[in-house]
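Colleague: Turn this into a structure:
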Amino acid sequence: MSGSGNAQLCTAQTSCADCINLSPSCKWCSTANYTGSRCFSGTPAVNCSNVENPAGTVTGIDTATLSSLVQVSARQVNVTVRPGIGTSFSLSVQPANNYPLDVYLLTDLSYSFLDDLTTLQALGARIASSVQNISTNAQVGFGSFVDKKLAPFINILPALVNDPCAPPYGPGKCNPPYSYKHTVSLTTDGAYFSSRLQQQTISGNQDVPEGGWDGLMQAIVCKKLIGWRDNARHLLVFSTDANSHHAGDGLLGGVVRPNPHTCLMNNSITAGNVEYTLSETYDYPSLGDIREQLRLNDIIPIFAVTPDVQSIYNAVTAELASVGASTGSLQSDSGNIIQLIQTGISGELASEISTVSQRIVFDPVLPSGVTMTFTPLNCPLLGSDNVCNGVKPTQGAVNFTVSVQLTQDFCRANQGNTISVPVRIIGFGSFVVNISPLCGCPCQQSQISNSPFCTSNGTLTCGLCTCNPGRFGSSCQCDANGAQSGNATSCPTGPNNLPCSGQSRGSCICGKCACSQYQDIRLGLTSTYYGSACECDNSLCDTSNGQLCGGSSQGVCQCGGCQCANGFYGTACQCSNSLCVDPTDTITTRTCNGRGVCSCNQCTACKPPYTGQYCQSCQATDKTTCASQLCPPNLDCAKCALLNQTMCPSCPTTYFVNATTLSTVSGAATTECQYTDSDGCQDTYFVVQDTKGNVTALYVRTDKACPQPLAPAQLATIIVVPLVVIAIIAILILLTLLLIFWLLNRAEVRKFEKELARAKYTKNQNPLYVPANQQTKNPIYEGEKAQ
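Modeller: Model (predicted):
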């Protein structure tokens with residue numbers, strides 16, 4: 001927020017509490033006879049002798065001496081905090097030499113982890129000794145997990161229930177599946193830890209994900225069974241080569257009851273094998289449940305996983321970052337698990353660190369509206385989010401500045417209360433910050449009843465009068481029961497429902513508002529609030545040319561906006577159509593030469609092809625296009641002039657010319673226009689423009705080009721000639737058809753004659769006649785007798 005805007009907000013406050021809660025820069029003048037705005041930002045007026053500007057303080061610290069069992073310098077810190085102004089205190093954290101260390105190894109014993117189990121058994125003694133080399137006050141423990149004893153998590157064939165590795169699925173001799181089994185409680189006996197590890201046998205399940213989350217939850221919450229100590233750093237090493245089932249997966253086996261994230265094992269036993277038997281009753285826990293229990297029990301998880309699932313557990317670590325989780329890549333046979341344990345304890349995934357170091361992570365339980373920042377002052381290696389890495393016991397304490405901030409809403413909701421905020425330093429301990437919100441002013445504790453400043457009719461608090469019943473006014477000078485003129489019981493209220501719109505705008509003097517002056521930063525002058533409730537000022541009126549509403553000639557500011565004078569418009573009365581009139585247009589006062597729209601002092605949307613400040617220029621490439629824009633608008637004026645032989649209203653100056661006087665037509669641009677009247681005559685007129693494109697004159701020709709009537713001889717010629725032509729064309733068509741028919745007949749005759757010439761018989765012979773090949777004589781016939 002700008003300084004000027006913040007100052008205006010401060011001056012609007014009417015009580016000391018509202019003033020100091022609004023902004024850290026707001027202060028309150030509690031001097032009784034102060035005449036300015038009591039809530040202000042910056043330097044008060046000279047007549048203010050008492051300024052209320054409270055700041056938060058540290059009221060008490062329950063310190064603790066750093067030792068081998070105490071790593072945090074404070075147990076409790078009591079602070080008062082003003083909204084917007086943080087209260088800070090110092091804190092020291094030092095890793096102690098031989099600080100108690102609890103390391104619990106939770107291992108996947110499904111069949112896929114067979115080679116890893118062999119390696120772990122071989123390294124059992126070294127694992128215990130490596131942890132105890134870090135701290136002589138260290139303990140180690142061991143537990144394992146497989147999965148729920150339900151389908152589809154395990155194979156429920158009778159032969160495989162007792163031995164999930166039985167042929168043909170494996171070599172046999174596997175333990176029956178189980179969900180989670182606690183084997184070794186935290187102990188300093190490394191030999192015992194190693195011997196129990198040697199006794200472990202692999203088991204098996206059916207699906208790829210394991211039931212590790214069931215075992216992880218029980219290992220966290222069964223504090224007595226595992227042996228977690230109160231004053232110790234707790235590490236839980238979770239090793240696997242597969243993903244883990246999570247909340248909701250139990251439904252696959254018919255398990256629907258949510259995990260209660262409480263200890264469901266015999267927590268009274270402190271040694272021996274203890275199996276989690278309620279896995280078939282309760283679902284897997286969620287990652288959120290695990291994070292919460294890790295935080296509550298101050299346990300840091302280390303996920304030692306094979307490379308093929310490391311990306312999955314990197315995502316898990318990101319979700320558990322607030323509890324200090326880390327992930328390391330486990331070799332295929334778990335041969336580097338000792339290095340990963342040491343790396344997890346250091347808090348830095350860097351194998352080259354030879355001396356064990358630690359990181360300091362703060363985990364406060366913050367209510368809504370409270371923030372805390374922890375700034376290290378001498379950190380060896382500062383990481384993201386001010387996490388201090390690489391802290392070693394030999395380097396001494398790391399000092400922090402802790403800052404507590406509150407919001408206004410939190411302050412109002414918890415005024416008069418003390419809020420306790422526990423802060424856990426992962427792996428080092430915890431402390432409590434007791435916060436008392438500072439929402440009021442010290443002057444509220446000093447009240448003067450029937451103060452003379454209040455005319456003995458009210459209580460003076462922080463410079464303001466709280467009037468007795470029946471009295472009102474800034475000094476309780478008005479009698480609500482009086483009958484004097486103007487002695488009203490209250491003043492009108494403004495939009496904020498405050499009398500006279502608040503003390504910063506005006507004072508209620510016996511029923512009437514006396515409006516205050518204020519500095520108008522925009523105009524650089526002193527102005528006065530106005531209106532019956534002092535609700536009006538000039539802030540809602542825009543300026544033009546450095547003046548409100550463009551100046552008195554263009555408009556005046558009327559409580560909420562500009563009231564423009566005739567001919568002006570716009571939010572600041574900055575617009576006028578007169579500025580769209582072409583000053584060179586001496587004919588009319590048209591805006592934009594009648595070819596565009598006047599939009600706040602500018603011509604826009606000029607009709608093509610016109611452009612320019614006043615739509616005055618024709619930008620067409622040929623004269624015909626510009627003429628097409630001039631002739632139609634002036635046609636009515638030309639017709640009017642020819643009909644009346646005089647100047648017509650709303651028309652340019654008209655001149656009459658003929659063929660003899662045509663040379664008098666002049667102008668920078670002259671366009672010839674023609675039209676045909678009702679008599680068929682061709683009328684001509686000329687439109688003359690100046691250099692700006694404005695029409696300056698109209699020339700109309702009085703001599704028309706009319707058609708002449710036809711003579712009888714001409715009329716006869718027009719009728720006869722077409723008839724003769726039609727007759728000749730018809731005769732030619734008929735002769736053409738006769739010629740075609742003659743040619744066709746001639747061709748047929750010649751074809752017939754050729755066929756006759758090719759015939760093999762005479763014309764008197766029948767080509768179809770065949771003579772008889774047998775003769776029969778009539779015996780009666782005697783032939784021809786001789787005469």
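
Colleague: For the rest of this, base every contact and every neighbour count on C-alpha atoms.
Modeller: Noted.

Colleague: So Phe142 belongs to a helix, correct?
Modeller: No - counting by DSSP: H, G, I helix; E, B strand; the rest coil, one finds Phe142 to be strand, located in no helix.

Colleague: residue contacts, it?
Modeller: Shown in contact with Phe142 (CA atoms under 8 Å, 6 or more residues apart in numbering): 104-107, 182-186, 193, 197.

Colleague: which residues of the stretch 401-550 of the chain score low on pLDDT?
Modeller: Low-confidence segments of the stretch 401-550 of the chain, defined by pLDDT under 70: 482-490.

Colleague: Let's see that with 80 instead.
Modeller: 427, 472-474, 479-490, 503, 507-512, 521-525, 539-540 (pLDDT under 80).

Colleague: need the helices for it, in chain order.
Modeller: Here the stretch 401-550 of the chain has its helices, by DSSP state H, counting those that start in this stretch, at 408-413.

Colleague: returning to what we had before: between the contacts of Phe142, which is nearest Cys476?
Modeller: Of all these, Cys476 sits closest to Tyr104, with 74.5 Å by CA to CA.

Colleague: Quickly list what that closest one is bridged to.
Modeller: Residues in a beta bridge with Tyr104, per DSSP bridges, are Gly141, Leu236.

Colleague: how far away is it from Asn266?
Modeller: 18 Å (CA to CA, to the nearest Å).

Colleague: which of the two has more neighbours?
Modeller: Tyr104 (25 against 13; other CA atoms under 10 Å).

Colleague: OK, contacts around that one?
Modeller: Shown in contact with Tyr104 (CA under 8 Å, 6+ apart): 140-143, 186, 235-237.

Colleague: Can you tell me how far it is from Leu225?
Modeller: Per CA to CA, Tyr104 is found 12 Å from Leu225.

Colleague: again, but for Ser516
Modeller: Distance, Ser516 to Leu225, using CA to CA: 75 Å.

Colleague: With Ile726 instead?
Modeller: From Ile726 across to Leu225, the span is 129 Å (CA to CA).

Colleague: what do you get for Leu294?
Modeller: Distance of Leu294 to Leu225, computed by CA to CA: 16 Å.

Colleague: go on, Gln447?
Modeller: Taking CA to CA as the criterion, Gln447 is separated from Leu225 by 61 Å.

Colleague: who has more neighbours, those two?
Modeller: It is Leu225, of Gln447 and Leu225, that has more neighbours when counted by other CA under 10 Å, with 24 against 15.

Colleague: That one belongs to a helix?
Modeller: Yes - judged by three-state DSSP, Leu225 forms part of a helix.

Colleague: wait, isn't it in contact with Thr183?
Modeller: No - using CA atoms under 8 Å, Leu225 is not in contact with Thr183; the gap is 10.1 Å.

Colleague: follow-up on the earlier one: can you tell me which of the contacts of Phe142 are in helices?
Modeller: Secondary structure defined by DSSP state H assigns 193, 197 of those to helices.

Colleague: Name the nearest of the contacts of Phe142 relative to Thr401.
Modeller: Distances from Thr401 to the contacts of Phe142, taken by CA to CA, are shortest for Tyr104, at 33.7 Å.

Colleague: What distance do you get for that closest one to Asp298?
Modeller: 13 Å.

Colleague: repeat for Thr664
Modeller: 109 Å.

Colleague: Counting neighbours, go ahead and name the busier of these two.
Modeller: Applying other CA under 10 Å to Thr664 and Asp298 shows that Asp298 carries more neighbours, namely 25 against 12.

Colleague: Quick one, grab the pLDDT at that one.
Modeller: What the model reports for Asp298 is a pLDDT of 86.

Colleague: quick one, what contacts it?
Modeller: 233-234, 323, 424, 426-427.

Colleague: Lowest-scoring secondary structure element of this protein by mean pLDDT?
Modeller: Counting by mean pLDDT, DSSP states H and E, the chain has its least confident helix or strand at helix 337-346, which shows a mean of 60.

Colleague: The helix or strand just after that one packs against which elements?
Modeller: Sequence-wise, the next helix or strand downstream of helix 337-346 (DSSP states H and E) is strand 358-360. Applying 3 or more CA pairs under 8 Å, 6 or more residues apart in numbering; DSSP states H and E, we find strand 358-360 packed against helix 337-346, strand 388-391.

Colleague: follow-up on the earlier one: tabulate the contacts of Asp298 (TSV), appending distance to Ala17.
Modeller: Converted to TSV, the contacts of Asp298 look like this (distance: CA to CA, whole Å):
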residue	distance to Ala17
Arg233	46
His234	47
Val323	39
Arg424	34
Ile426	39
Gly427	42
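
Colleague: and of the residues you listed, the nearest to Gly36?
Modeller: Set against Gly36, the nearest of the contacts of Asp298 by CA to CA is Arg424 (48.6 Å).

Colleague: The nearest residue to that closest one once chain neighbours are set aside - how many residues pack around it?
Modeller: Nearest non-adjacent residue to Arg424, counting by CA to CA, 6 or more residues apart in numbering: Ser430, 4.2 Å away. Using other CA under 10 Å, the number of residues around Ser430 comes to 20.

Colleague: Now do Ser430 against Asp298, distance only.
Modeller: Per CA to CA, Ser430 is found 10 Å from Asp298.

Colleague: Tell me the residues that contact both of those two, please.
Modeller: Arg424.

Colleague: hey, where'd the strands end up in the stretch 1-150 of the chain?
Modeller: Along the stretch 1-150 of the chain, counting by DSSP state E, counting those that start in this stretch, strands occupy 26-29, 39-41, 51-52, 58-63, 74-81, 87-93, 101-108, 138-145.

Colleague: Likewise for the stretch 251-400 of the chain?
Modeller: Here the stretch 251-400 of the chain has its strands, by DSSP E, counting those that start in this stretch, at 274-275, 299-305, 326-329, 358-360, 362-364, 370-376, 381-382, 388-391, 398-406.

Colleague: So which of those is nearest Glu210?
Modeller: Shortest distance between Glu210 and those, using CA to CA, is found for strand 299-305: 12.8 Å.

Colleague: how distant is the closest one from the center of its chain?
Modeller: Mean-position distance between strand 299-305 and its chain equals 36 Å (CA atoms, centre = their mean, to the nearest Å).

Colleague: And stretch 531-547, by the same measure?
Modeller: Its chain's C-alpha centre and that of stretch 531-547 lie 35 Å apart, by CA atoms, centre = their mean.

Colleague: Who is Ile85 paired with across the strands?
Modeller: If you apply DSSP bridges, the partners that Ile85 bridges to are Arg82.

Colleague: isn't it right next to Gln405, touching?
Modeller: Yes - using CA under 8 Å, Ile85 is in contact with Gln405, at 6.6 Å.

Colleague: what sits in contact with each of these two?
Modeller: Between them, Ile85 and Gln405 share no contacting residue under CA under 8 Å, 6+ apart.
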